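S.K.: Here is a sequence together with a model predicted from it:
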Amino acid sequence: MKALDELEVKVDCVIVAGAHDEFKRMKLENMKKFMNDKPIIVDVRGMFNGEEAKRKGFYYKTL
């Protein structure tokens with residue numbers, strides 16, 4: 001994701017509110033690279049596997 005390649009800080013939380021193709025292609029491992037030590041995902045669309053996210057160290061919630 002082009003915007004994330006230029007991100008100069010780490011984030012605590014990612015809120016996935018739209019099922020954009022860029023999010024569909026993104027793997028949890030890639031997302032974790034730009035997040036702090038206790039990464040949080042709020043997955044409004046349910047695009048990610050919650051159990052996998054938890055195994056990989058994310059605090060994961062979906063609606």
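M.R.: Happy to help now that I have it.
S.K.: For this structure, just list every one of the helices.
M.R.: Counting by DSSP state H, one finds helices in the chain at the ranges 2-5, 21-25, 28-32, 50-55.
S.K.: Make JSON lines from these and add mean pLDDT to it.
M.R.: Conversion of the helices of the chain to JSON lines gives the following (pLDDT from 0 to 100):
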{"stretch": "helix 2-5", "mean pLDDT": "61"}
{"stretch": "helix 21-25", "mean pLDDT": "79"}
{"stretch": "helix 28-32", "mean pLDDT": "87"}
{"stretch": "helix 50-55", "mean pLDDT": "95"}
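S.K.: Please work out which of these is packed deepest.
M.R.: Relative to the other members of the helices of the chain, helix 28-32 carries the highest mean neighbour count by mean count of other Cβ atoms under 10 Å, namely a mean of 15. Glycine gets a C-beta too; all of them are placed from N, C-alpha and C.
S.K.: Grab the CA positions of that one and hand them over as PDB.
M.R.: This file holds the C-alpha atoms of helix 28-32, laid out as PDB (Å, rounded to 0.1, in the frame of the first residue of the first chain):
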ATOM      1  CA  LEU A  28      -1.300  -9.600   8.800                       C
ATOM      2  CA  GLU A  29       2.500  -9.800   8.900                       C
ATOM      3  CA  ASN A  30       2.700  -6.800   6.600                       C
ATOM      4  CA  MET A  31       0.300  -4.800   8.700                       C
ATOM      5  CA  LYS A  32       2.200  -5.600  11.900                       C
END
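S.K.: how far does it sit from the chain's center?
M.R.: 6 Å (Cα atoms, centre = their mean, to the nearest Å).
S.K.: which other helices and strands contact the longest strand belonging to the chain?
M.R.: The strand of greatest length in the chain, counted in residues with DSSP state E as the criterion, is given as strand 35-43. In terms of contact count using 3 or more Cβ pairs under 8 Å, 6 or more residues apart in numbering; DSSP states H and E, strand 35-43 is assigned the packing partners strand 11-16, helix 28-32, helix 50-55, strand 59-62.
S.K.: Swap in 6 Å and give it another go.
M.R.: For strand 35-43, the packing partners by 3 or more Cβ pairs under 6 Å, 6 or more residues apart in numbering; DSSP states H and E come out as strand 11-16, strand 59-62.
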